[in-house]
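Visitor: coordinates only, no sequence provided:
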């Protein structure tokens with residue numbers, strides 16, 4: 001029987017009702033006490049690393065998770081992290097870059113309703129997570145509502161429903177039906193994981209709206225090492241009177257900033273070459289295109305890349321080098 005480490009970080013799954021609303025208060029041991037049948041799946045030990053609403057999870061907490069997994073890696077066959085749903089996709093992406101090629105499963109899960117509620121998805125999600133962690137599916141994944149989603153492809157699509165997450169521009173790795181794991185895709189892995197413990201958190205996101213003030217771009221790039229711009233459709237920058245977005249991007253990339261163009265549209269990704277408003281950006285050094293990556297993956301990958309190098313060419317090479325199937329070139333889609 002596999003030996004799994006449960007790492008508690010808080011979230012709705014561990015929340016209780018307080019005078020100020022739901023707040024994470026239960027420990028990982030208290031979660032396990034609610035589902036004794038897990039002992040039929042695997043042997044479990046637990047550690048309470050954090051107890052936070054996931055709105056309060058920051059990159060420094062990702063690094064704590066990595067250090068915890070690294071410390072215990074040789075002692076367990078797999079890992080389950082309970083986490084709040086609101087930023088779980090960011091954490092799943094970040095762990096995919098910070099722990100690469102892991103032959104052991106590293107599974108994130110949580111719930112839309114606390115484990116103590118009469119109607120809850122907590123117990124089913126936890127059981128499913130332990131089933132995946134006890135399997136031979138390597139690498140980082142997110143398990144929720146019967147689906148196994150690649151860590152770099154998860155995105156929260158519903159704020160309340162149990163079917164909270166979707167796999168964006170990539171198939172689910174597997175599904176769980178009546179307690180049985182049906183794997184579809186097995187991630188590549190190495191004989192040993194590769195751990196990273198450096199991040200540059202000076203990464204910002206600008207979501208364009210019609211009439212966006214171009215001064216916002218300058219404001220963010222003055223304070224950031226990289227900027228993700230969520231543009232419209234297949235991607236591009238506005239050209240309306242009095243706005244010189246392209247000029248601002250050129251000035252900042254010449255000063256060493258990275259700018260990534262992505263899309264606000266959930267599926268099918270960007271393609272800057274289609275329209276004039278995007279095509280001209282393809283020749284600007286330092287401007288990268290997200291293609292089919294999620295915003296969560298782009299953000300986490302930039303933090304990881306800039307934690308490794310400040311060389312613009314090396315950063316561009318790393319951005320387009322696939323990690324855990326986070327990006328596919330147009331010809332491959």
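Guide: Arrived safely, thanks for sending. From a predicted model like this one, the values you see are computed outputs, not experimental measurements.
Visitor: the closest residue to residue 184 other than its chain neighbours: neighbour count?
Guide: Distance criterion Cβ to Cβ, 6 or more residues apart in numbering; nearest residue to residue 184, sequence neighbours excluded, is residue 174 at 5.0 Å. For the C-beta atoms, the positions are set from N, CA and C on the backbone; glycine is no exception. Using other Cβ atoms under 10 Å, residue 174 has 21 other residues around it.
Visitor: quick one: residues contacting residue 174.
Guide: If you count contacts by Cβ atoms under 8 Å, 6 or more residues apart in numbering, residue 174 has them with 132, 137, 147, 148, 181, 182, 183, 184, 185.
Visitor: now residue 257. Nearest residue, chain neighbours left out?
Guide: Once flanking residues are discounted, residue 257 sits nearest to residue 221: 5.2 Å by Cβ to Cβ, 6+ apart.
Visitor: tell me which element that neighbour falls in.
Guide: helix 215-222 (DSSP states H and E).
Visitor: tell me what that helix is packed against?
Guide: Judged by 3 or more Cβ pairs under 8 Å, 6 or more residues apart in numbering; DSSP states H and E, helix 215-222 is in contact with strand 203-207, strand 226-231, helix 245-254.
Visitor: quick check: residue 72 vs residue 127, distance?
Guide: As judged by Cβ to Cβ, to the nearest Å, residue 72 and residue 127 stand 22 Å apart.
Visitor: more neighbours: which of the two?
Guide: Between residue 72 and residue 127, counting by other Cβ under 10 Å, residue 127 is the more crowded of the two (18 against 14).
Visitor: isn't the more buried one up against residue 181?
Guide: No: using Cβ atoms under 8 Å, residue 127 is not in contact with residue 181, being 10.9 Å away.
Visitor: and the helix or strand of the chain at the bottom of the mean pLDDT ranking, what's buried?
Guide: Taking mean pLDDT, DSSP states H and E as the measure, the chain has helix 276-279 as its least confident helix or strand, at a mean of 86. Residues of helix 276-279 classed as buried by neighbour count (16 or more other Cβ atoms under 10 Å): 277, 278.
Visitor: give me the next element, helix or strand, following that helix.
Guide: With elements assigned by DSSP H and E, the helix or strand that comes after helix 276-279 is strand 287-289.
Visitor: show me what the next helix or strand after that next one is packed up against.
Guide: Counting by DSSP H and E, the element after strand 287-289 in chain order, helix or strand, is helix 295-308. Counting by 3+ Cβ pairs under 8 Å, 6+ apart, the packing neighbours recorded for helix 295-308 are helix 88-98, strand 203-207, strand 226-231, strand 258-263, helix 312-320.
Visitor: same list (these) but as JSON lines, adding mean neighbour count.
Guide: Output for the helices and strands packed on helix 295-308, formatted as JSON lines (neighbours: other Cβ atoms under 10 Å):
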{"stretch": "helix 88-98", "mean neighbour count": "28"}
{"stretch": "strand 203-207", "mean neighbour count": "18"}
{"stretch": "strand 226-231", "mean neighbour count": "24"}
{"stretch": "strand 258-263", "mean neighbour count": "24"}
{"stretch": "helix 312-320", "mean neighbour count": "15"}
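Visitor: quick one: contacts of the helix holding residue 221?
Guide: Counting by Cβ under 8 Å, 6+ apart, 204, 206, 227, 229, 245, 248, 249, 252, 257, 259 sit against helix 215-222.
Visitor: what mean pLDDT does it get?
Guide: The average pLDDT within helix 215-222 is 95.
Visitor: just for the stretch 101-250 of the chain, where's the confidence low?
Guide: Residues of the stretch 101-250 of the chain meeting the criterion pLDDT under 70: none.
Visitor: same thing but 90
Guide: Counting by pLDDT under 90, the ranges of the stretch 101-250 of the chain that qualify are 239-244, 246-247.
Visitor: which residue ranges form the strands in it?
Guide: Here the stretch 101-250 of the chain has its strands, by DSSP state E, counting those that start in this stretch, at 105-109, 139-144, 147-150, 154-156, 165-167, 174-177, 180-183, 194-195, 203-207, 226-231.
Visitor: top strand in this protein by residue count?
Guide: In the chain, taking DSSP state E as the definition, the longest strand is strand 43-52.
Visitor: give me the buried positions along the next helix or strand along the chain from that strand.
Guide: Using DSSP H and E, the helix or strand that follows strand 43-52 in sequence is helix 59-72. Within helix 59-72, the residues that count as buried by 16+ other Cβ under 10 Å are 59, 61, 62, 63, 65, 66, 68, 69.
Visitor: and helix 59-72, what does it pack against?
Guide: Using 3+ Cβ pairs under 8 Å, 6+ apart: helix 59-72 touches strand 3-10, strand 43-52, strand 78-82, helix 88-98, strand 99-100.
Visitor: the same query, at a cut-off of 10 Å, please.
Guide: On a contact count with 3 or more Cβ pairs under 10 Å, 6 or more residues apart in numbering; DSSP states H and E, helix 59-72 meets strand 3-10, strand 43-52, strand 78-82, helix 88-98, strand 99-100, strand 105-109, strand 194-195, helix 295-308.
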